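Asks: Below are the sequence and a predicted model; questions follow.
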Amino acid sequence: MARIADDSDFEALKRLVDNHDGWTLELSKSDTEVYTRPVPGCNFNMVKIHTEFADVTADIVFDVLHDPDYRKVWDSHMLASEEIGILNVNNDVGYYATRKEPDKLTRESNKLFKGYDA
């Protein structure tokens, strides 16, 4: 079960950005590095990606990735995205459906988005 993130969760998340202890470098290409790390008690790995964009601020990248209307422009696999509810200023619940190539099967998921405006 998910819980609402608080300030201590965001501080822990920020520490994960620069700390590579326990992470495996899976890909290093040009200005992009992809790391994975097992999550205790879970079948999924945590993933973090570090890259550099010339002339693009972090705020713009965040807005492009999280704007449900604009995502339809650049995400050819997205079938639907919808905000289900807002839990508080930093946490919301949403729905996302995608088409997986090459088999064209539909994947649906719900997400709990935890954002932080520092």
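Replies: Noted; the coordinates are in hand. It should be emphasised that the depicted structure is a prediction, and the values quoted were computed from it without experimental measurement.

Asks: rest of the way, CA atoms for contacts and neighbours
Replies: Noted.

Asks: Which parts of the protein are helices?
Replies: 7-18, 58-66, 68-74 (DSSP state H).

Asks: Return the most buried member of those helices.
Replies: helix 68-74 (a mean of 13; mean count of other Cα atoms under 10 Å).

Asks: now what about that one, what contacts it?
Replies: 64, 65, 78, 81, 82 (Cα atoms under 8 Å, 6 or more residues apart in numbering).

Asks: Just put those residues in a markdown table and tack on pLDDT and distance to residue 97.
Replies: As requested, those are arranged in a markdown table below (pLDDT from 0 to 100; distance: Cα to Cα, whole Å):
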| residue | pLDDT | distance to residue 97 |
| --- | --- | --- |
| 64 | 86 | 18 |
| 65 | 83 | 15 |
| 78 | 84 | 6 |
| 81 | 83 | 6 |
| 82 | 83 | 9 |
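
Asks: how about these, which pair is most distant?
Replies: 64 and 82 (15.6 Å; Cα to Cα).

Asks: Residue ranges of each domain in this protein, please.
Replies: Residue ranges for each domain of the chain read 1-52, 68-118, as given by automatic domain parsing.
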